[in-house]
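Q: structure for the following, please:
(3 chains)
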Amino acid sequence: MKLSREFYLRDGLTVARELIGKKIVTNLPEGVTSGIIVETEAYMGAIDAAAHTYRGKTERTKIFYGAGGFVYVYLIYGMYICTNVVANVENVPEAVLIRALEPVDGIELMKLRRGKNNLRGLCSGPGKLSQALGVTKNLYGADLCGDKIFIEDGEKLPVLTTPRINVDYAGAAADYLWRFIAANSKFLSKHA
DNA sequence: ACCGTGATGTTCT
DNA sequence: GAACATCACGGTG
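A: Numbering: from 1, shown residues only, chains lettered A, B, ... in the order given. All right, here's what the predicted structure looks like:
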């Protein structure tokens, strides 16, 4: 069951928490790949010094200001793509960074795309899972209610919260408990 | 196990 | 021209 638009139109913290345990799928020409989401982070618009939207709208963050259920991708450190799910209604710039997956479908294709063989490390980080799923800037603004990339319902898992990773520059916002992880998962970007 | 470092290019100041 | 929501690798315990 593909998640409906309504799922994404809620506030970013709720969407980030509820995405834990759901399955994200890409269906690209090379094949289908997917994984269970085990780690997310919420980025909360104008009140969040860690968010790309903190200093207002730019060309890059345009889609961030749109309605929930679309994909925000960006290049980080010149080499890696990060995949985000836009949340909330139009003009409320909130989004959820997908930080780690437990690989499910298309594991061989994901290994090929990554050039790595280790299952544990296949999708254990935002750059890694984007590469494994074949997410590129071509998917900027893609509709999660479409067929190329979407999220399916899944099992409800116990969730823990922690501060977000690598946002030390954000002052007090660096301490907010806006990272959500599946308790006991072996597939996180860092060990809990 | 942890720690330091280099790779790389877009975006924003 | 600096900063950056990262990763892989090589070093040392």
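Q: low pLDDT regions in chain A?
A: Judged by pLDDT under 70, chain A has its weakly predicted residues at A:191-192.
Q: strands of that one, start to end?
A: For chain A, the strands defined by DSSP state E cover A:23-28, A:31-44, A:71-76, A:80-87, A:94-103, A:149-152, A:159-162, A:179-182.
Q: quick one: those strands as a markdown table, columns for mean neighbour count and distance to A:L119 too.
A: Glycine gets a C-beta too; all of them are placed from N, C-alpha and C. As requested, those are exported to a markdown table (neighbours: other Cβ atoms under 10 Å; distance: least, Cβ to Cβ, whole Å):
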| stretch | mean neighbour count | distance to A:L119 |
| --- | --- | --- |
| strand A:23-28 | 21 | 17 |
| strand A:31-44 | 24 | 11 |
| strand A:71-76 | 18 | 24 |
| strand A:80-87 | 23 | 20 |
| strand A:94-103 | 25 | 6 |
| strand A:149-152 | 19 | 21 |
| strand A:159-162 | 15 | 23 |
| strand A:179-182 | 24 | 16 |
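Q: a markdown table please, covering those and showing distance to A:T14.
A: Formatted as a markdown table, these follow (distance: least, Cβ to Cβ, whole Å):
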| stretch | distance to A:T14 |
| --- | --- |
| strand A:23-28 | 17 |
| strand A:31-44 | 9 |
| strand A:71-76 | 18 |
| strand A:80-87 | 8 |
| strand A:94-103 | 10 |
| strand A:149-152 | 15 |
| strand A:159-162 | 12 |
| strand A:179-182 | 10 |
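Q: for these, give me TSV that also has distance to DNA strand B.
A: Formatted as TSV, the strands of chain A follow (distance: least, Cβ to the nearest atom of the strand, whole Å):
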stretch	distance to DNA strand B
strand A:23-28	21
strand A:31-44	14
strand A:71-76	5
strand A:80-87	8
strand A:94-103	14
strand A:149-152	19
strand A:159-162	15
strand A:179-182	17
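Q: what's the closest of the ones you listed to A:L122?
A: For A:L122, the closest of those is strand A:94-103, at 5.1 Å, according to Cβ to Cβ.
Q: so which bits of chain A are right by DNA strand C?
A: A:41, A:43, A:50-53, A:76-80, A:82, A:84, A:95, A:97, A:114, A:116, A:121, A:125-129, A:164-167, A:169, A:189 (Cβ under 7 Å from any atom of the strand).
Q: pick out the residue of chain A closest to DNA strand C.
A: Using Cβ to the nearest atom of the strand, the single residue of chain A nearest to DNA strand C is A:G125, 2.2 Å away.
Q: wait, that residue touches A:L97, no?
A: No - using Cβ atoms under 8 Å, A:G125 is not in contact with A:L97; the gap is 10.9 Å.
Q: which residue packs closest to the residue at minimal distance from the centre of chain A, ignoring adjacent ones?
A: Among the residues of chain A, A:I98 comes closest to the average C-alpha position under Cα atoms, centre = their mean, at 1.9 Å. Nearest residue to A:I98, sequence neighbours excluded (Cβ to Cβ, 6 or more residues apart in numbering): A:T83, at 5.1 Å.
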